[in-house]
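Visitor: coordinates only, no sequence provided:
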């Protein structure tokens, strides 16, 4: 029996958010259903942010309400603040992911707050969530944990401080995000070790981008350090705001292929997952779609562990 | 001072061999010169095979004679047999790479010989090379060492047997090739350990393809097992004969970016290497060119170890 790795599909949130086109709500719901039907256990389906800021996310409430009806899949929404958390709760999300930028520049540009102020917001938000009738998980996501397009190098100590702040704020889980895709495997290993040493196994997630082509090598580095939860986007959707044409999130299909090949289980049917690309293509006819396994086809050596 | 890794550019051989178009000889020479000028220490520039079989390699003799005039770079040619080795020697190659397919199916299809017969050919070839006035290195390359599009799974024991045969035949160095790109990181690690245990440090090279998107993750796995020599192709040139549109060799630029980011030295100027893509584009206007670093641009966090 292979060891289990949890894959969270973030294409409907982080992928679509960066896309040029806007996917129609009905197709988005069908796409999310196709991903769930492939056995993906967690899907981040949208972001509770003002529609003026990110028009692609304007239908998040409706999308969440539809998605939580799907059997056997945890529905995640991004919520940058208490207001977003309240919206996510009202629409039935199972989990929210709350971003805290580790770098000052990204934090100010994205959230108009310092990292410390955003950690304080997370504490308020957690207190509100804990006071509600229904449980909703809160993940704290350390953005720009491996480098920032504005501030450049992000010191490991700063990542540890934000993670410690999130742990103190009472989040259920902590993830590190390579938001702009600058990480390399040695850095992943060192940072994972440092954050694990500080906050323990509450930290178990990596959100990686493939900007420089190192996405799966970075995932491997995380796996080797014991990380068992990864975000990824179908077809590597996502792009990069500062580099037009650059790759986005790591490709879910290729990540799952690597995991299965190495003997990990994910519960995902890779052929069905690849088939879900067709719905994505239907909803965004002009968006670049990445991924190697879907082009090459599954090799005769491919096996899934029991 | 960072640890050194040797990168061998194989685009002019393995890349062009799979290309649909034929690069004009003058541009090919200019391309090789541009790669050498970027500080790449080894370039596999062609293949001494009948022009009828691989027309893209028809000018290999001329290309080798020009390339060996370039300062500070080792010029490698593929030679599938004694005849090829003699041609490589006559034209001044510093090293030849002699392929031995580990899988029976690939060996018969590609060389019309069993793996054992090809190992015997390598022994004859090495004896001939050693009897010449000028030294010429001989590398034995174990093709289909991680899987075969014809035979499927390739047992680790078969890889070890071919490597032992090559060691007994007296080759200077041994490399393992993921010819079709089916390898995964755990397999790379296990096979590298097994072959190292059998033939020692004479084995120090990996030739990886990115067919399934795992190319750099596999390179990382090799690095972690102590491998310090990697083949790669500019722009990931190469494709895959059985999967039209699939990726080829691992992308040299992205590999070098990963190595430098991790603190390894290669002697390569990454900006000059990326600039050499323009000559490739000039010589093959319609070939798909891969690579993430060249699209995204070098990040502000990029540093090269002294």
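Guide: Received, thanks. Computed from a prediction, not measured in an experiment: that's the story for all the values here.

Visitor: for the stretch 201-306 of chain A, which residues are neighbours of chain B?
Guide: The stretch 201-306 of chain A comes close to chain B at residues A:210-214, A:216-217, A:219-221, A:224, A:240, A:243, A:245-247, A:251, A:254, A:257-258, A:261-263, A:291-293, A:295-297, A:299-301, as judged by C-beta under 8 Å from any C-beta of the partner chain. All C-beta spots, glycine's among them, are computed from the backbone N, C-alpha and C.

Visitor: which of those residues are buried?
Guide: Buried subset of those (neighbour count, 16 or more other C-beta atoms under 10 Å in any protein chain shown): A:210-214, A:216-217, A:219-221, A:224, A:240, A:243, A:246-247, A:251, A:254, A:257-258, A:261-262, A:291-293, A:295-296, A:299, A:301.

Visitor: in helices, which of those residues fall?
Guide: Among these, the members found in helices (DSSP state H) are A:216-217, A:219-221, A:224, A:254, A:257-258, A:261, A:293, A:295-296.

Visitor: need the residues of the stretch 51-200 of chain A near chain B, please.
Guide: Residues of the stretch 51-200 of chain A lying near chain B (C-beta under 8 Å from any C-beta): A:147, A:149, A:152-153, A:180-182, A:184-187.

Visitor: for ChimeraX, write a command that selects the buried ones of those.
Guide: Applying 16+ other C-beta under 10 Å to those, the buried members can be selected in ChimeraX as follows:
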select /A:147,149,153,180,181,182,184,185,186,187
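
Visitor: turn the residues of the stretch 51-200 of chain A next to chain B into a markdown table, including pLDDT and secondary structure.
Guide: As requested, these are exported to a markdown table (pLDDT from 0 to 100; DSSP: H, G, I helix; E, B strand; the rest coil):
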| residue | pLDDT | secondary structure |
| --- | --- | --- |
| A:147 | 96 | strand |
| A:149 | 91 | coil |
| A:152 | 95 | strand |
| A:153 | 97 | coil |
| A:180 | 93 | coil |
| A:181 | 95 | coil |
| A:182 | 96 | coil |
| A:184 | 98 | coil |
| A:185 | 98 | helix |
| A:186 | 98 | helix |
| A:187 | 98 | helix |
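
Visitor: got the contact list for the residue nearest to residue A:114 when sequence neighbours are not counted?
Guide: Computed as C-beta to C-beta, 6 or more residues apart in numbering or on different chains, the closest residue to residue A:114 that is not its neighbour in sequence is residue A:107, at 5.9 Å. When contacts are counted by C-beta atoms under 8 Å, 6 or more residues apart in numbering or on different chains, residue A:107 is found next to A:100-101, A:113-115, A:118.

Visitor: go again using 7 Å as the cut-off
Guide: Applying C-beta atoms under 7 Å, 6 or more residues apart in numbering or on different chains, we find residue A:107 in contact with A:101, A:113-115, A:118.

Visitor: so which of the residues you listed are in strands?
Guide: Secondary structure from DSSP state E places residue A:101 of the contacts of residue A:107 in strands.

Visitor: is there a quick ChimeraX command that grabs whichever of the contacts of residue A:107 are buried?
Guide: A single ChimeraX command selects the buried members of the contacts of residue A:107 (16+ other C-beta under 10 Å):
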select /A:101,113,115,118
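
Visitor: can you get me a residue count around residue A:68?
Guide: Residue A:68 has 15 neighbouring residues, counting by other C-beta atoms under 10 Å in any protein chain shown.

Visitor: now do it against chain B, distance only.
Guide: Note on residue A:68: its distance to chain B, by C-beta to the nearest C-beta, to the nearest Å, is 32 Å.

Visitor: so in terms of bridging, what pairs with the closest residue to chain B within the stretch 1-150 of chain A?
Guide: Nearest residue of the stretch 1-150 of chain A to chain B (C-beta to the nearest C-beta) works out as residue A:147 at 4.5 Å. Counting by DSSP bridges, residue A:147 forms beta bridges with residue A:145.

Visitor: contact partners for it?
Guide: A:153-154, A:180, A:182-183, B:299, B:301.

Visitor: and for residue A:70?
Guide: Residue A:70 touches A:33, A:36, counting by C-beta under 7 Å, 6+ apart.

Visitor: what does residue A:291 give?
Guide: Applying C-beta under 7 Å, 6+ apart, the residues near residue A:291 are A:235-236, A:251, A:253-254, B:213.

Visitor: what kind of secondary structure is the residue nearest the centre of chain A in?
Guide: Note on chain A: the residue nearest the mean C-alpha position is residue A:231, at 4.0 Å, using C-alpha atoms, centre = their mean. Put simply, residue A:231 is strand when judged by DSSP: H, G, I helix; E, B strand; the rest coil.

Visitor: okay, and the beta partners of it?
Guide: residue A:8, residue A:207.

Visitor: for it, give its distance to chain B.
Guide: In terms of C-beta to the nearest C-beta, residue A:231 sits 16 Å off from chain B.

Visitor: for residue A:205, grab the count of nearby residues.
Guide: 23.

Visitor: element containing it, please.
Guide: Using DSSP states H and E, residue A:205 sits within strand A:203-207.

Visitor: which other helices and strands contact that strand?
Guide: Applying 3 or more C-beta pairs under 7 Å, 6 or more residues apart in numbering or on different chains; DSSP states H and E, one finds that strand A:203-207 makes contact with strand A:173-177, strand A:229-232.

Visitor: in its sheet, which strands sit next to the longest one, and in what direction?
Guide: Based on DSSP bridges, the strands next to strand A:173-177 in the sheet, each with its direction, are strand A:137-143 (parallel), strand A:203-207 (parallel).

Visitor: what comes up buried for the first one?
Guide: Spelled out, it's strand A:137-143. A:138-143.

Visitor: also stretch A:2-15?
Guide: Buried residues in stretch A:2-15 (16+ other C-beta under 10 Å): A:5-15.

Visitor: how about the nearest residue to residue A:178, chain neighbours excluded?
Guide: That would be residue A:146: by C-beta to C-beta, 6+ apart, it lies 4.4 Å from residue A:178.

Visitor: repeat that for residue A:216.
Guide: In space, residue A:216 is closest to residue B:217, 4.3 Å off (C-beta to C-beta, 6+ apart).

Visitor: ok, the one you found - contacts?
Guide: A:216-217, A:220, A:258, B:185.

Visitor: let me know the closest of these to residue A:42.
Guide: residue A:258 (18.1 Å; C-beta to C-beta).
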